[in-house]
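# for reference, the sequence and a predicted model appear below.
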Amino acid sequence: METGEAELKAPGFRQFPMRFHGEVVRLEIAREETARAMSVEMAARFTEILKKLAFKYVTLDLEGYRQGSLNEVLNLVHC
């Protein structure tokens, strides 16, 4: 996964935790960088980088980076 992170840093993204959900990888881009991340060119680059790492689906979390986002799912399970 370090390779994918290094390649995502190359275009200048500073904060982009990758969350793994089986065959799906979910990127949480810092909110101030979201507009650039949502360009067609950048979407193609994310897809190229992360599919090389064997993910079938690459997603961009529209809520952006936020601490504790993995716990959100745990909270739903316990409700």
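On my side now, so go ahead.
# contacts and neighbour counts: CA atoms only from here.
OK.
# these two touch, right, residue 55 and residue 20?
No - with contact defined as Cα atoms under 8 Å, residue 55 and residue 20 do not form a contacting pair (9.1 Å).
# of those two, who's got more company?
residue 55 (16 against 13; other Cα atoms under 10 Å).
# check the average confidence over the biggest helix by length in the chain, would you?
Longest helix of the chain, by residue count under DSSP state H: helix 40-51. Averaging pLDDT along helix 40-51 yields 92.
# show me the helices in the chain, by range?
With helices called from DSSP H, the chain shows them at 2-9, 34-37, 40-51, 69-77.
# most centrally placed residue in the chain?
residue 27 (0.9 Å; Cα atoms, centre = their mean).
# that one and residue 17, how far apart?
6 Å (Cα to Cα, to the nearest Å).
# what sits in contact with each of the two?
Common contacts of residue 27 and residue 17 (Cα atoms under 8 Å, 6 or more residues apart in numbering): none found.
# touching, residue 17 and residue 65? I think so.
Yes - counting by Cα under 8 Å, residue 17 touches residue 65, with 7.3 Å between them.
# who has more neighbours out of the two?
residue 65 (20 against 17).
# identify the residue nearest the more buried one in space, chain neighbours excluded?
In this structure, residue 65 finds its nearest non-sequential neighbour in residue 28, 4.5 Å apart by Cα to Cα, 6 or more residues apart in numbering.
# low-confidence ranges, this structure, go.
For the chain, applying pLDDT under 70 flags the ranges 1-3, 68-79.
# spatially nearest residue to residue 14 (excluding sequence neighbours)?
residue 30 (7.5 Å).
# how many neighbouring residues does the residue nearest to residue 65 have?
When neighbours are counted by other Cα under 10 Å, residue 28 registers 21.
# shouldn't it be in contact with residue 67?
No - the criterion here is Cα under 8 Å, and residue 28 misses it with residue 67 at 10.0 Å.
# start to end distance for stretch 52-66?
26 Å.
# distance between stretch 5-12 and the chain's centre?
Mean-position distance between stretch 5-12 and its chain equals 12 Å (Cα atoms, centre = their mean, to the nearest Å).
# one step back: which strand residues bridge the residue nearest to the centre of the chain?
residue 18, residue 60 (DSSP bridges).
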